[in-house]
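K.L.:
Predicted model and sequence below, questions to follow.
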Amino acid sequence: MPAVKLPIKSVLPAHLLALFLVLAAVAIAASYGYYHSQKKQVRTQQSQYLNAVTDLKIQQLADWRQERLKDAESIIANRFAIDPIHAWLQDGAPDDERCSMLLKWMEGLRHGRVYDAVYLLDVNGRSIAHSTAGSTACQRSSGELFPQFRHGHQPELIDFYRDQEGHPSLNLVVPLIPQLTMMHASTATLVLTINPERTLYPLIKNWPVYSRTAETMLGRFENGQILYLNDLRMHANAAVNLRLPGNSRDLP
């Protein structure tokens, strides 16, 4: 007996199929909207986090700078050291016991975690005495040691520059004003050279949470360019060396 073919009815009525398609479209639209909402929320959270880190770094740098200026204020307030220095200078800066006491005091300033060297300069910027890692002596230099030296009457933190050996450096300039005279300008200046590798760069590099890619970049604008003041992950010798146009789209 031949097989009888029965008519096949639609498993899903047309109106239900239409409803299914509408619901599917709504679900896709909702998922798309949720994705973009989450993406926007993540971006907002990351932006807020980076802004918080930026504020933290700015405050840390401001605190570090304030600590250096407080060091200068402490030196100026130490009349037991400053007044004998001026008396020694008035006598011609002889190589005597007062010189030895001066050098010990300068060594004490250098043995902290911040300063690499201490120089006592005359009004022309020439060294009268110095204390460095390799030498400590009362000895006049033949020329000016610090081209950026500015003789003044207020403590000053000289910004980043490359020293004679090519290393990034900063200077804390402390004018030594005699208290026992009516002079308003210093007759000598103390210059404390700062190695940023000791405390400043670690402070900049330190990130609040672990990250393999995050880094902090410190720079300053000069003649339409950005001069980077610290080394970067992809530029090991960037500090006070790498310059890029300020309007470049390829800034690190």
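P.N.:
Happy to help now that I have it. Numbering: from 1, shown residues only.

K.L.:
Helices of the stretch 51-200 of the chain, start to end?
P.N.:
79-90, 97-110, 200-205 (DSSP state H, counting those that start in this stretch).

K.L.:
Can I get the ones you listed in TSV including mean neighbour count?
P.N.:
Any C-beta I mention is one placed from the backbone N, CA and C, and that applies to glycine too. Converted to TSV, the helices of the stretch 51-200 of the chain look like this (neighbours: other C-beta atoms under 10 Å):
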stretch	mean neighbour count
helix 79-90	16
helix 97-110	16
helix 200-205	16
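
K.L.:
CA atoms of stretch 197-205 as CSV?
P.N.:
Output of stretch 197-205 as CSV, limited to C-alpha atoms (Å, rounded to 0.1, in the frame of the first residue of the first chain):
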residue,chain,number,x,y,z
GLU,A,197,67.6,59.0,40.9
ARG,A,198,67.7,58.9,44.7
THR,A,199,64.3,60.1,45.8
LEU,A,200,62.5,62.1,43.1
TYR,A,201,62.4,59.5,40.2
PRO,A,202,61.3,56.7,42.5
LEU,A,203,58.6,58.9,43.7
ILE,A,204,57.5,59.7,40.2
LYS,A,205,57.7,56.0,39.0
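
K.L.:
about what we covered before: how about the helices of the stretch 51-200 of the chain, which one is nearest Ile226?
P.N.:
Proximity to Ile226 (C-beta to C-beta) singles out helix 200-205 among the helices of the stretch 51-200 of the chain, at 15.7 Å.

K.L.:
how far out from the middle of the chain is that closest one?
P.N.:
6 Å (C-alpha atoms, centre = their mean, to the nearest Å).

K.L.:
what comes into contact with that helix?
P.N.:
57, 60-61, 64, 170, 194, 215-216, 218, 230-231 (C-beta atoms under 8 Å, 6 or more residues apart in numbering).

K.L.:
if we can go back for a sec, so can I have a markdown table of the helices of the stretch 51-200 of the chain showing mean pLDDT?
P.N.:
Shown next, in a markdown table, are the helices of the stretch 51-200 of the chain (pLDDT from 0 to 100):
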| stretch | mean pLDDT |
| --- | --- |
| helix 79-90 | 88 |
| helix 97-110 | 92 |
| helix 200-205 | 90 |
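
K.L.:
Next, format those as TSV and append distance to Leu157.
P.N.:
Shown next, in TSV, are the helices of the stretch 51-200 of the chain (distance: least, C-beta to C-beta, whole Å):
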stretch	distance to Leu157
helix 79-90	20
helix 97-110	15
helix 200-205	11
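
K.L.:
With Ala52 as the reference, name the closest of those helices.
P.N.:
Using C-beta to C-beta, the helices of the stretch 51-200 of the chain put helix 200-205 closest to Ala52, at 16.2 Å.

K.L.:
which helices and strands sit right next to whatever helix or strand comes next after that closest one?
P.N.:
Note on helix 200-205: by DSSP states H and E, the next helix or strand toward the C-terminus is strand 219-222. On a contact count with 3 or more C-beta pairs under 8 Å, 6 or more residues apart in numbering; DSSP states H and E, strand 219-222 meets strand 225-228.

K.L.:
Could you rerun that using 10 Å?
P.N.:
strand 156-162, strand 225-228, strand 243-245 (3 or more C-beta pairs under 10 Å, 6 or more residues apart in numbering; DSSP states H and E).

K.L.:
so how far is that strand from its chain's centroid?
P.N.:
The answer for strand 219-222 is 12 Å, by C-alpha atoms, centre = their mean.

K.L.:
Can you list the buried residues in it?
P.N.:
Within strand 219-222, the residues that count as buried by 16 or more other C-beta atoms under 10 Å are Gly219.

K.L.:
tell me the average confidence for stretch 225-236?
P.N.:
Stretch 225-236 shows an average pLDDT of 86 in the prediction.

K.L.:
Buried ones in it, by neighbour count?
P.N.:
226-232.

K.L.:
Quick check: which ranges of the stretch 151-252 of the chain have low pLDDT?
P.N.:
Within the stretch 151-252 of the chain, the stretches with pLDDT under 70 are 151, 180-186, 251-252.
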